[in-house]
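>>> pasting the structure only:
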């Protein structure tokens, strides 16, 4: 079963606690570094296979529409975006009800004014776990839960939601990230609150699961946190990366691997990718695919294979943030692919393109390859290269990324 690829995002609130900042601007569109806060959120979602977005708009929906026409210049991947406008303020669940015709059978839902920087693939992978639940909540543990309602978890079931407490005790709170079946609509009316009217009812009925993860969290709902986000978000989300060569590193090099049936993961390769993702680093693939130039398989075959591998990784709790391949060869039998491309390693083109596209922190990034040409490409791109000669890829990667820590 495919991991959910749709996300509904709440962007319709008034943001009154931010005063004049949100008098004419929806809170998620406030500038954060060099782009609106919501643009960062969409970019991060795209890392985890989310390619379809529904913006649940209300206040100044015209500004949301303008944002959609402009946002793609900040997005490294293609994302399909639709806007659903509530006819009048409908609450956080009511906004979802008004978008009901657009929803997939399974979908993610998040708040558009906060971000929980964690390995979201670990949460998305739970969508395929057997469960009676119609919803899952991504939870996080904090030391002082006095500003928030708290949840009680028994195994993976949320048994209660509590109102805000006066004490400053530790607690489990919602990150504002949810995974729902479309049947959640059976519990929603055209005007109601998700947190007050829906989730407590689901918890009481035993229909709500929870998953606890760690990571950096920011909510821009008050002026101090918005100012903090303006500095911290660009610093944290412009990440370092691990660039993986493919054949001979991620999979056994059987020669001209162009279909899933011939792709065999090397030892602990998926664990290595998940480890990198857990650290908050990008995991990229950069691979010469001269099998296309030789006519053994097509570019469509390569793309299909990488899509299948990405889905497999998401189900495992990991992700390829992006994949770059070069189908060209200077002596290609297929004339349309016969050229000496700077993207073919040892040229650095694939690496440099991904660095630019994702604004990668190159000084803390590394490449792992199995050939001298991989290391030459790394040097030309200005990053460190490391030669993998077999064995556990996880154990090979682990000490290398300790010297290139992620900013979370």
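Great, that's in hand. Quick caveat, the model's predicted, so the values are computed rather than measured.

>>> This structure - how does it break down into domains?
With domains defined by automatic domain parsing, the chain comprises 6-237, 241-402.

>>> Go through the ones you listed and find the least confident stretch.
Among the domains of the chain, domain 6-237 has the lowest mean pLDDT, at a mean of 93.

>>> ends of that domain, how far apart?
21 Å (CA to CA, to the nearest Å).

>>> need the domains of the chain in JSON lines with mean neighbour count, can you?
All C-beta atoms are positioned from the backbone trio N, CA, C, and that covers glycine. What follows is the domains of the chain, written out as JSON lines (neighbours: other CB atoms under 10 Å):
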{"stretch": "domain 6-237", "mean neighbour count": "18"}
{"stretch": "domain 241-402", "mean neighbour count": "19"}
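
>>> can you give me the strands in the stretch 101-250 of the chain?
In the stretch 101-250 of the chain, the strands defined using DSSP state E, counting those that start in this stretch lie at 106-111, 114-117, 135-142, 150-154, 157-162, 171-181, 208-212, 216-219, 241-244.

>>> first to last residue in stretch 43-53, what's the distance?
Using CA to CA, the two ends of stretch 43-53 sit 11 Å apart.

>>> Distance from the chain centre to it, please.
Here stretch 43-53 is found 5 Å from its chain centre; the criterion is CA atoms, centre = their mean, to the nearest Å.

>>> Go ahead and name everything in contact with it.
3-9, 42, 74-82, 104, 108, 110, 115, 117, 120-121, 124, 237, 282, 310-311, 314, 319, 321 (CB atoms under 8 Å, 6 or more residues apart in numbering).

>>> between the strands of the stretch 101-250 of the chain, which gets nearest to residue 306?
Within the strands of the stretch 101-250 of the chain, the stretch nearest residue 306 is strand 241-244; the backing value is 12.1 Å (CB to CB).

>>> Name every strand pairing with the closest one and say which way it goes.
strand 282-288 (parallel), strand 366-369 (parallel) (DSSP bridges).

>>> Put together TSV for those, with distance to residue 148 on each row.
Converted to TSV, those look like this (distance: least, CB to CB, whole Å):
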stretch	distance to residue 148
strand 282-288	31
strand 366-369	38
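
>>> As a check, name the ranges of all helices in the stretch 301-408 of the chain.
Along the stretch 301-408 of the chain, counting by DSSP state H, counting those that start in this stretch, helices occupy 349-358, 372-381, 393-402.

>>> chain center to the first one: distance?
Between the mean C-alpha location of helix 349-358 and the chain-wide mean there is a distance of 18 Å, by CA atoms, centre = their mean.

>>> got it, and stretch 321-333?
Worked out by CA atoms, centre = their mean, stretch 321-333 lies 26 Å from the chain centre.

>>> who's in contact with the closest residue to residue 98 other than its chain neighbours?
Spatial nearest neighbour of residue 98, chain neighbours left out: residue 86 (4.8 Å); criterion: CB to CB, 6 or more residues apart in numbering. Residues near residue 86 by CB under 8 Å, 6+ apart: 12, 56, 57, 58, 94, 95, 98.

>>> Specify which member of those residues is nearest to residue 373.
Out of the contacts of residue 86, the member with the shortest distance to residue 373 (by CB to CB) is residue 56, at 48.2 Å.

>>> For residue 115, see how far away the closest one is.
17 Å (CB to CB, to the nearest Å).

>>> for residue 35, same thing?
For residue 35 relative to residue 115 (CB to CB), the value is 13 Å.

>>> what does residue 87 give?
28 Å.

>>> And for residue 309?
With CB to CB as the criterion, residue 309 and residue 115 are 27 Å apart.

>>> what do you get for residue 379?
35 Å.

>>> How about residue 333?
Counting by CB to CB - residue 333 and residue 115 are separated by 48 Å.

>>> Tell me where the stretch 1-150 of the chain has helices.
37-47, 61-70, 91-98, 120-124.

>>> Of those, which is nearest residue 373?
helix 37-47 (27.6 Å).

>>> how many degrees apart are the closest one and helix 61-70 in direction?
Helix 37-47 and helix 61-70 are oriented at 50 degrees to each other (axes from the mean of the first three to the mean of the last three CA atoms, to 10 degrees).

>>> Helix 37-47 to helix 349-358, inter-axis angle?
Going by the same axes, to 10 degrees, helix 37-47 makes 140 degrees with helix 349-358.

>>> so how far is helix 37-47 off the chain centroid?
From the chain centre to the centre of helix 37-47 is a distance of 8 Å (CA atoms, centre = their mean).

>>> tilt between that helix and strand 106-111?
Going by the same axes, to 10 degrees, helix 37-47 makes 150 degrees with strand 106-111.

>>> can you offset everything so residue one is 11?
Got it, the first residue is 11 from now on, which makes the last one we talked about helix 47-57.

>>> that older thread, could you dump the helices of the stretch 11-160 of the chain into CSV and include distance to residue 208?
Compiled in CSV, the helices of the stretch 11-160 of the chain are given as follows (distance: least, CB to CB, whole Å):
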stretch, distance to residue 208
helix 47-57, 22
helix 71-80, 23
helix 101-108, 5
helix 130-134, 19
